[in-house]
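Chemist: Need a 3D model of the sequence below.
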Amino acid sequence: MTLYPIPKERGIYYVDMKKKKLVKLDINGKVKWTERRRRTLMAEYDVKFYIDTFQKIPIFATPKAKFIDYEPKILAPIKIRKDGLIFEKINAGLFGGKKYSGFIKEKLKKFNKERLSIRELNLTPGQYAWVETTKDYEYDFYKPASKGIAFVFKIEGTQSSKNDK
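Modeler: Numbers count the residues shown, from 1 in each chain. Model prediction:
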């Protein structure tokens, strides 16, 4: 068993098991979205959410990743497609729904006294992000927050931590 200190600063931290330290992720991306409206009897539109990165992206070698979440915003793990798409909602009128969602399942342990969470993910090589989310009360699911923050990172199966743009 390895014990880690409670982070002093708010944010999300990658647990580097090899080096036995916490690596703070920077806010290095922003959620952007596009909307296309169609004229029909009912209000129908398509919404696509993308990640726009603006800083270096950390690379981690292990596909079984553990994070300590000490961020006050509601974050969710999401896989980024090669075209940057993370979420798409088609015909978002009366019968609308999700067409693509990059949200991934996680193992979550919350520690309310300390206001932090330990979050474990099983990932394949590719780009991921912790994105700010908001609840879609109309359809009762979470979606990326428009203009929300993102902590983008990449998983490679063979190398240790380094930086990439």
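Chemist: what are the phi and psi values for the residue nearest the centre of the chain?
Modeler: When the chain is reduced to its mean C-alpha position, the closest residue under CA atoms, centre = their mean turns out to be Trp130, at 2.4 Å. Taking degrees, to the nearest 10, you get phi -100, psi 120 for the backbone angles of Trp130.
Chemist: can you pull the contacts of it?
Modeler: When the contact criterion is CB atoms under 8 Å, 6 or more residues apart in numbering, the partners of Trp130 are Ile12, Leu25, Phe67, Asp69, Glu71, Leu75, Ala76, Pro77, Ile78, Ala150, Phe151. For glycine as for every other residue, the C-beta is placed from the backbone atoms N, C-alpha and C.
Chemist: make it 7 Å
Modeler: Residues in contact with Trp130 (CB atoms under 7 Å, 6 or more residues apart in numbering) are Ile12, Leu75, Pro77, Ala150, Phe151.
Chemist: Per-residue pLDDT of it, please?
Modeler: Note for Trp130: predicted pLDDT of 95.
Chemist: Run through the bridge partners of the closest residue in space to Arg119 that isn't next to it in sequence.
Modeler: Spatially, and ignoring its direct neighbours in sequence, Arg119 is nearest to Phe67 (4.7 Å; CB to CB, 6 or more residues apart in numbering). For Phe67, the beta-bridge partners are Tyr14, Arg119 (DSSP bridges).
Chemist: who touches Phe67 in this structure?
Modeler: Here Phe67 is in contact with Ile12, Tyr13, Tyr14, Val15, Arg119 (CB under 7 Å, 6+ apart).
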